[in-house]
Structures are given as C-alpha cells and as structure tokens.
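Enquirer: Mind looking at a prediction? Sequence and model below.
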Amino acid sequence: MLDELFHLLRIPSVSADPAYDGDVQKCAEAVASSLTKAGAINVEVMVTPGHPIVFGEYIVDSNVPTVLVYGHYDVQPADPIELWDNPAFEPIIKKTDIHPEGAIFARGACDDKGQMFMHIKALEAMVASGDVPCNVKFIIEGEEEVGSDNLDDFLEQYKEKLAADVVLVSDTGIIANDTPSICVGLRGLSYVEVEITGPNRDLHSGLYGGAAPNPLNILCEMIASLKDKDQRITVDGFYDDVIELSDAERKAMARAPFSEDAYKYSIGIGGTEGELSYSPPERMSIRPTLDLNGIWGGYTGEGAKTVIPSIARAKISMRLVPHQDFEKITDQFIAHFEKIAPPSVSVKITPMHGASPAVTPTDSPAYKAASKAMHDTYGKEPIPVRSGGSIPIVASFERILGLKTVLFGFGLDSDAIHSPNEHYGVFNYFKGIETIPLFYKYYAEANGNA
C-alpha cells in the first residue's frame with residue numbers, strides 16, 4: 001500500500017504549470033490503473049477542456065445506497081524547491097515528534113494523493129474480503145489546485161452517471177492523532193481586486209503633494225474603514241444573513257482542545273484579534289471575515305523615488321458563513337466601496353473568485369456512520385468541527401447533484417500542505433484505510449441494508 005502510493009507521489013502532476021501537462025495525464029492514467037486493480041469497473045479517464053477526470057465504480061445492488069467518492073490527483077507546485085529537505089517528488093518516510101511511526105514526505109502526500117488513495121485501497125480491501133456493503137463511485141479530478149474550473153460542467157453533463165446518495169471526501173483533517181474530528185462546516189468566499197485611480201500619471205510628490213489626491217493614501221484609508229473598533233465589518237448589509245449558532249452548538253464546538261498560548265507561539269504573534277464576544281476558534285470558523293491579502297502601487301524598488309502614484313490596487317478576501325450568498329456579498333462590497341470613495345478618485349472593482357458556505361448536518365445517517373466508524377478505530381467519538389477554509393466543490397455537489405458531503409479527512413494541520421516538506425503520517429494513512437470500510441458498513445445499516 002505504501003509502494004503504490006509512492007508510485008503516484010513520484011509523478012509531478014502539477015496542474016498549474018503547462019510544462020507538467022504530460023505528467024498530469026500520466027497520473028490520471030495511474031489512478032485509473034489503481035482503480036481497476038482495486039476491483040472497480042467502467043473505469044475511464046474522461047476528457048475535459050482542462051485536465052482529465054478519472055471515473056470508476058463498483059456496483060453491488062440497486063437496493064443498497066450509493067456513495068460518490070471525490071478526490072484529486074493534481075498537486076501544488078513544489079516551489080520554493082530549495083526549502084525542501086528531500087526532493088519533492090522523491091517520497092521518503094521520516095520520523096518526527098508528531099509522527100514517531102514515520103511520515104511520508106512528498107508533494108501531494110496529504111493533499112490529496114495520500115488521502116484520495118486511501119479510498120482506492122479501502123475498496124480493494126473490501127472487494128478482497130467479499131464485503132462491499134454499498135455501491136461506490138469515484139470521480140478523481142486533476143484541477144482542484146487551480147480552481148476546479150471544469151468540474152461544474154462535468155457534474156451537469158454526467159448527472160445520471162454520478163447519481164448517488166452522499167458524497168465522501170477526504171481532503172480535510174483531524175484535530176490530532178489522539179483526538180479524531182469530522183469537519184461539518186466550511187466557510188464560503190468572496191474575493192475581489194480593487195483599483196483606485198487618481199491623477200493621470202505618477203506625480204512628483206514635492207510639486208504636487210498636498211493638493212493632488214494620493215490613491216495609495218486613499219486606498220489605505222478606505223480599507224481601514226472596512227472594520228470598526230470592535231473588529232466588526234462595516235460593509236452595508238454584510239451581517240444581514242448571518243445566523244447565530246445556538247449555545248448548544250457552540251458548546252459542542254468548544255470540546256475541541258485549543259490553547260491560545262500555543263496558537264500564538266505557533267505563528268509568532270503577541271495576541272489574537274477579532275470579535276471579542278467570540279473565542280479565537282469561533283472567529284476562525286463560524287464568523288465571517290474580511291482580510292486584505294495584498295496591496296501595491298507607486299514605487300517599490302531600491303532607493304527612493306518621490307512620487308504620488310496614479311493607481312493603487314489591493315486584493316481583499318471575505319470568508320462567509322452559512323446563509324451568506326457570495327454573489328450578494330460581492331455586490332454589497334462593491335456598492336459600499338464605491339460609496340466611501342472620495343470624488344477625487346475613480347474606483348474599479350473586479351470579482352475574482354466566489355464559493356458558497358456548506359454545512360453537514362450532524363444528525364444525518366451519513367455523518368452518524370462516519371462518527372461511528374471513527375469511534376471504532378480511534379476508541380473515542382470524533383468532535384464535530386467547522387473549518388475556516390473553503391472547498392467550492394462541496395457547494396457544487398449540493399447545487400448540481402443535490403448531495404450532501406461528508407468531509408472524512410485524516411490529515412493534520414501540521415502536515416504543511418502547499419508548503420515545502422509536505423508530509424502525511426503513516427499512522428494517518430493506514431488509519432484512513434482501516435476506517436473507511438466501516439463508514440460503508442454503518443451507512444448501509446442506517447439505510448436498512450445490514
């Protein structure tokens with residue numbers, strides 16, 4: 001099981017760089033071969049306008065539930081390669097403090113080849129034992145790391161082929177190896193670029209300073225006004241659709257261990273920020289946010305150049321919680337930002353990305369099956385947690401296929417995904433392969449198929 005994963009990890013399936021297009025295709029074919037070896041039938045490497053999507057299925061009976069497994073075989077670029085302790089596409093196992101039994105170091109080890117491959121090996125184990133309690137379908141895509149631009153059209157085109165009862169995804173994580181958890185919520189996203197234009201050219205700051213508008217100054221003032229002294233976002237209507245969680249829900253979330261001191265130490269800060277009436281974990285998961293991601297304009301080279309820039313730009317992301325619609329929020333932001341701009345400048349706002357928030361109900365048969373499976377293999381009930389990040393495809397599955405998703409990840413926050421020295425614990429890899437078949441067992445039982 002390790003050797004076969006290592007084979008996939010050695011293929012540099014970097015979807016963002018056209019130089020690796022041949023390797024992305026090679027990896028898709030390797031995934032298809034693994035699915036066939038595991039016992040899947042009707043395995044196809046399906047063409048899209050971008051990178052291919054691998055499909056396969058194992059059909060037991062029309063009377064048992066069907067689980068659609070999603071994963072991705074593409075990976076982030078390895079850059080900066082000089083920061084890797086070992087070549088990014090030459091996987092090795094090394095022991096660490098967190099992984100005394102060893103961790104697999106390679107690009108894609110956790111995100112998402114290692115986690116995706118658990119599902120293929122779990123199917124192989126079930127087929128070998130003659131006990132596959134559910135129908136299983138796989139879609140493994142090659143464009144997740146570049147936005148899954150062709151996935152929605154694929155889902156629309158093959159709705160019948162992908163018909164299922166629930167989606168199972170392992171692209172998230174757990175709190176710790178001795179503290180299992182299941183992600184039950186994802187924040188949505190509204191991402192925009194703003195552009196402020198003042199004079200028709202860069203101006204001498206001595207000759208024109210004091211009278212000519214400075215777009216960088218104005219942009220900074222506008223951005224600073226987007227939050228008040230209590231860290232509340234001031235965009236008109238921003239909180240209109242935000243639903244407050246009940247005390248019981250917040251209490252359940254608080255079961256997750258969190259040390260504010262350890263958090264501050266881990267990222268080298270002196271204190272946390274955000275809405276004071278919410279804990280730091282709540283601010284990072286169940287509350288919406290607005291963050292400046294980048295700002296530029298004028299002269300930024302070596303030495304001095306005394307100019308008033310003609311144009312200033314910034315990128316701003318807003319993480320959204322359930323019931324907030326990213327298109328509505330984007331429209332509200334545009335209207336607000338244009339309103340607060342002084343008449344001395346012009347404003348251009350370009351929406352860049354959007355994603356809807358998603359919530360998995362903890363009383364659903366699928367969640368209960370996942371929870372029971374983890375309880376069996378970890379010896380304790382998993383904690384339901386909400387992630388601060390966004391996985392747009394979860395909303396796509398619900399909108400297009402009408403399916404809820406169970407986020408059944410086994411990674412750790414410390415696995416350095418997207419960073420140099422990405423890794424995935426050997427313990428986590430095998431624990432996933434051990435746990436996934438139990439999900440099918442309990443999900444079938446919940447649907448009356450013992």
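Expert: That came through, no problem. Residues are numbered from 1 along each chain as shown.

Enquirer: how about low-confidence regions in the stretch 201-350 of the chain?
Expert: The model of the stretch 201-350 of the chain has no residue with pLDDT under 70.

Enquirer: Tell me where it has helices.
Expert: Counting by DSSP state H, counting those that start in this stretch, the stretch 201-350 of the chain has helices at residues 205-208, 215-224, 247-253, 260-267, 280-283, 326-340.

Enquirer: do you know which of these lies nearest residue 297?
Expert: Nearest of the helices of the stretch 201-350 of the chain to residue 297, taken as Cβ to Cβ: helix 215-224 at 4.9 Å. Every C-beta, even on glycine, is put in place using the N, C-alpha and C of the backbone.

Enquirer: Please point out which parts of the closest one sit buried.
Expert: Of all the residues in helix 215-224, those buried under the rule 16 or more other Cβ atoms under 10 Å are 215, 216, 218, 219, 220, 222, 223.

Enquirer: And for stretch 241-257?
Expert: For stretch 241-257, a neighbour-count test (16+ other Cβ under 10 Å) marks 245, 252, 253, 256 as buried.

Enquirer: hang on, isn't the last one packed against residue 382?
Expert: No - Residue 256 lies out of contact with residue 382 (Cβ atoms under 8 Å); the separation is 10.2 Å.

Enquirer: Now list whatever residues contact both of the two.
Expert: By Cβ atoms under 8 Å, 6 or more residues apart in numbering, residue 256 and residue 382 have these common neighbours: residue 181.

Enquirer: Assumed residue 167 was part of a strand.
Expert: Yes - assessed by DSSP: H, G, I helix; E, B strand; the rest coil, residue 167 belongs to a strand.

Enquirer: ok, and the closest non-adjacent residue to it?
Expert: residue 405 (4.2 Å; Cβ to Cβ, 6 or more residues apart in numbering).

Enquirer: List the contacts of the one you found.
Expert: Each residue near residue 405 by Cβ under 8 Å, 6+ apart is listed here: 70, 166, 167, 168, 169, 358, 360, 394, 397, 398.

Enquirer: Kindly recompute the last result at 6 Å.
Expert: Counting by Cβ atoms under 6 Å, 6 or more residues apart in numbering, residue 405 makes contact with 167, 169, 394, 397.

Enquirer: in the protein, which helix has the most residues?
Expert: Longest helix of the chain, by residue count under DSSP state H: helix 426-446.

Enquirer: Would you mind listing the buried residues in that one?
Expert: Across helix 426-446, burial judged by 16+ other Cβ under 10 Å covers 426-444.

Enquirer: Against residue 314, how distant is residue 69?
Expert: Counting by Cβ to Cβ, to the nearest Å, the separation of residue 69 from residue 314 is 39 Å.

Enquirer: Check the gap between the closest residue to residue 183 other than its chain neighbours and residue 192 for me.
Expert: Computed as Cβ to Cβ, 6+ apart, the closest residue to residue 183 that is not its neighbour in sequence is residue 407, at 4.0 Å. Remark: distance between residue 407 and residue 192 (Cβ to Cβ) = 27 Å.

Enquirer: for residue 437, same thing?
Expert: Note on residue 437: its distance to residue 192, by Cβ to Cβ, is 44 Å.

Enquirer: if we can go back for a sec, which one of the buried residues of stretch 241-257 is nearest residue 324?
Expert: The closest of the buried residues of stretch 241-257 to residue 324 turns out to be residue 245 (Cβ to Cβ; 13.9 Å).

Enquirer: list the contacts for that closest one?
Expert: Residues in contact with residue 245, defined by Cβ under 6 Å, 6+ apart, are residue 286.

Enquirer: run the last query once more with 8 Å
Expert: Counting by Cβ under 8 Å, 6+ apart, residue 245 makes contact with 253, 286.

Enquirer: ok, now residue 293?
Expert: Taking Cβ under 8 Å, 6+ apart, we find residue 293 in contact with 191, 314, 315, 316, 317.

Enquirer: Please apply the same query to residue 362.
Expert: By Cβ under 8 Å, 6+ apart, the residues touching residue 362 are 184, 368, 371, 384.

Enquirer: Go again with 10 Å.
Expert: 182, 184, 185, 249, 252, 368, 370, 371, 384 (Cβ atoms under 10 Å, 6 or more residues apart in numbering).

Enquirer: and the residue lying closest to the last one once chain neighbours are set aside, what helix or strand is that in?
Expert: The shortest distance from residue 384 to any residue that is not its chain neighbour, by Cβ to Cβ, 6+ apart, is 4.4 Å, and that residue is residue 184. Taking DSSP states H and E as the definition, residue 184 sits inside strand 181-186.

Enquirer: So for that strand, mean pLDDT?
Expert: Average pLDDT, strand 181-186: 92.

Enquirer: Show me the chain divided up by domain.
Expert: The record's domain parsing of the chain by automatic domain parsing lists 2-186+357-446, 188-242+288-355.

Enquirer: quick one: which of these is nearest residue 261?
Expert: Of all these, it is domain 2-186+357-446 that lies closest to residue 261, at 16.4 Å by Cβ to Cβ.

Enquirer: quick revisit: looking at the domains of the chain, which one is packed in the most?
Expert: domain 2-186+357-446 (a mean of 20; mean count of other Cβ atoms under 10 Å).

Enquirer: Helix or strand: which one has residue 156?
Expert: For residue 156, the enclosing helix or strand under DSSP H and E is helix 151-157.

Enquirer: The most centrally placed residue in the chain and residue 9: what is the separation?
Expert: Nearest residue to the geometric centre of the chain (Cα atoms, centre = their mean): residue 391, 4.2 Å. Counting by Cβ to Cβ, the separation of residue 391 from residue 9 is 22 Å.

Enquirer: That'll do, ta.
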